[in-house]
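Q: Prediction below, plus the sequence it came from.
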Number of protein chains: 2
Amino acid sequence: MEKYKDIGLKLTPQRLAILNYLDGNKEHPSAEDIYRAVSKKFPTMSFATVYNTLETLRQRGGVLELTIDPDKKRFDPNIEPHHHLICLKCKRIVDIHGDYKLGVPNGEKAGFEIIGNHIEFYGICPKCKKSD
Amino acid sequence: MEKYKDIGLKLTPQRLAILNYLDGNKEHPSAEDIYRAVSKKFPTMSFATVYNTLETLRQRGGVLELTIDPDKKRFDPNIEPHHHLICLKCKRIVDIHGDYKLGVPNGEKAGFEIIGNHIEFYGICPKCKKSD
DNA sequence: TATCAAATTAGAATTATTCTTGTCAAGTAC
DNA sequence: GTACTTGACAAGAATAATTCTAATTTGATA
């Protein structure tokens, strides 16, 4: 929780519940996952609040919005630079912290100013491999 | 067009128009982009046909579905292994063909069988840099 | 404690995508 | 040639994720 303090956010109970749910979470939850979990404590919680809070957090660098899943956005509270391993069957996402130093050859930069990168590794997770 | 022949598809005029639009296209168009373009020739074209054709193509390896854009799927007729450079402002996507040989350290594999990877480079494109 | 901007809520609206159903067209069997 | 069969198409309805709206409430602080 500490890391969310004093970044200028009004600390409402709803936000605290969302932050609390996200903190240390390695599941890369969707907005609905978050909504369902936090609704248990706050039955009046609305999706607007979930999305608003996530967007505010994202703008302030408190959470990453992942576009890995074609069906919905997923969110990653781990804001250290890292990469992902994705199961093609169950869509499970796992963090990878390997140190890759990647650059774009000048001939391919197309005039872009490069800011960062993200590697997605695709594969089949152990659970899905078993249940074939 | 040649490359789409004999992959078992009935070559209807609608499909030909979609294939023709995709062939050599470097814009990574969305379903709507495709729909709009092809509708000019086929005013009765429906989204169902666009999505059906894209899904059929995807299953047969004729097109890649990109999940880079958080708002919609985008499609890439370039099926050679390659990576992407994405403008954070205008969402323009550019192909990169640099040869990166990436592996996941065994300690991080989490039991996954790795099948492939995809690098996304983020940045600002020349046009957006100017119009700041 | 009064104030006020910011946050919350419920539900409506929007957008992308998928589904349903009826129709049509091409190919094949007879 | 005619009847089947199958796959593709079209139109619009349905769904799912997300965003917006408007009214109300709340947290921070003076």
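A: Received it, and whenever you're ready, just let me know what you need. Residues are numbered from 1 along each chain as shown, chains lettered A, B, ... in the order given.
Q: Just confirm yes or no for the helix or strand containing residue A:20 near DNA strand D.
A: In this structure, residue A:20 sits in helix A:13-22 according to DSSP states H and E. Yes. Helix A:13-22 is in contact with DNA strand D by C-beta under 7 Å from any atom of the strand, via residue A:13. In short, each C-beta sits where N, CA and C put it, glycine included.
Q: ok, now stretch A:93-102?
A: No. Contact of stretch A:93-102 with DNA strand D (C-beta under 7 Å from any atom of the strand) is absent, the minimum separation being 14.3 Å.
Q: what's in contact with that stretch?
A: Stretch A:93-102 has contacts (C-beta atoms under 8 Å, 6 or more residues apart in numbering or on different chains) with A:26-28, A:66, A:68-69, A:74, A:76, A:78, A:80, A:82-87, A:117, A:119, A:121, A:125, B:100, B:102, B:104-105, B:108, B:110, B:112, B:119, B:121.
Q: again, but for stretch A:39-56
A: With contacts defined as C-beta under 8 Å, 6+ apart, stretch A:39-56 is touched by A:9, A:13-15, A:17-18, A:31, A:34-35, A:38, A:63, A:65, A:75.
Q: Closest to DNA strand D out of those residues?
A: Relative to DNA strand D, the closest of the contacts of stretch A:39-56 is residue A:31; by C-beta to the nearest atom of the strand it sits at 4.0 Å.
Q: Look up how far residue B:48 lies from residue A:115.
A: With distances taken as C-beta to C-beta, to the nearest Å, residue A:115 is found 38 Å from residue B:48.
Q: all strands of chain A, in order?
A: A:64-66, A:74-76, A:83-87, A:93-96, A:113-124 (DSSP state E).
Q: Show me what the helix holding residue A:20 packs onto, helices and strands only.
A: Taking 3 or more C-beta pairs under 8 Å, 6 or more residues apart in numbering or on different chains; DSSP states H and E as contact, the helices and strands that helix A:13-22 lies on are helix A:31-39, helix A:47-59.
Q: tell me the residue furthest from the middle of chain A?
A: Distance to the chain centre peaks in chain A at residue A:107, reaching 32.1 Å (criterion: C-alpha atoms, centre = their mean).
Q: Identify the residues contacting that residue.
A: Taking C-beta under 8 Å, 6+ apart as the definition, residue A:107 has no contacts.
Q: Next: residue A:18.
A: Contact analysis of residue A:18 by C-beta under 8 Å, 6+ apart lists A:34, A:38, A:49-50, A:53-54.
Q: same deal with residue A:76?
A: The contact partners of residue A:76, by C-beta under 8 Å, 6+ apart, come to A:28, A:63-66, A:95.
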